[in-house]
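Enquirer: what's the 3D shape of this:
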Amino acid sequence: SVENIATSMQRLVDRELRRTRIQSDRARHSANLAAVTQGVVNVLRRTPAGSTLAWTIDIPDNLLVQIDPEDLAEAMGAIAENAARHAKSSVTVRAVEEPTQVRITVGDDGSGAPADALDMIKARGFRLDEAADGQGFGLAIVTEIVSAAKGSVSFANGGPGLVVTMRIPIWAAVLE
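Expert: Numbers count the residues shown, from 1 in each chain. The predicted model follows:
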């Protein structure tokens with residue numbers, strides 16, 4: 001019990017340190033979206049929840065977004081892990097290049113979320129499934145990471161499942 005509390009406290013401290021790092025001047029970092037996403041999915045495929053799922057990744061190979069690769073991995077990891085936990089059989093990750101940003105969607109084929117909870121999902125400490133492990137910080141941290149990168153995050157029911165949409169600036173747009 002004491003170990004669990006200490007581990008939880010360490011995670012919270014680590015998250016706050018990462019948040020501070022994110023808010024520092026890091027605007028000139030870029031990340032290869034396909035490579036980071038593939039790395040996250042490879043890890044999740046080795047977990048009990050992710051090993052039984054069909055994973056579809058539809059992202060152009062050389063698509064660069066304006067965000068630190070570690071920050072992107074943390075955000076993608078939290079979203080994909082959440083999708084894996086709630087999916088019945090599949091998770092799909094797609095990215096579409098728009099004029100100044102990349103629209104990234106992560107969707108699962110689970111039951112989705114109650115419509116009245118969609119706005120609350122990104123609140124710190126909010127959890128739809130009180131019986132599951134976790135503190136309710138993952139999607140809030142995703143929102144903070146993406147916001148710090150001048151992007152946005154939204155949540156919607158996809159019929160079936162939850163669809164998380166992130167919009168992150170394209171790396172080339174920063175250089176113009």
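
Enquirer: beta partners of the closest residue to residue 58 other than its chain neighbours?
Expert: Excluding the flanking residues, the one nearest residue 58 by CB to CB, 6 or more residues apart in numbering is residue 94, at 4.4 Å. For every residue, glycine as well, the C-beta is placed using N, CA and C. Residue 94 has these beta-bridge partners by DSSP bridges: residue 58, residue 105.

Enquirer: count of neighbours near residue 94?
Expert: Other residues within reach of residue 94, judged by other CB atoms under 10 Å, total 16.

Enquirer: what sits against it?
Expert: By CB atoms under 8 Å, 6 or more residues apart in numbering, the residues touching residue 94 are 56, 58, 59, 104, 105.

Enquirer: how about the first one, phi and psi?
Expert: Comment: the main-chain dihedrals of residue 56 come out as phi -120, psi 120, following degrees, to the nearest 10.

Enquirer: hang on, isn't it packed against residue 87?
Expert: No: judged on CB atoms under 8 Å, residue 56 makes no contact with residue 87 at a distance of 11.4 Å.
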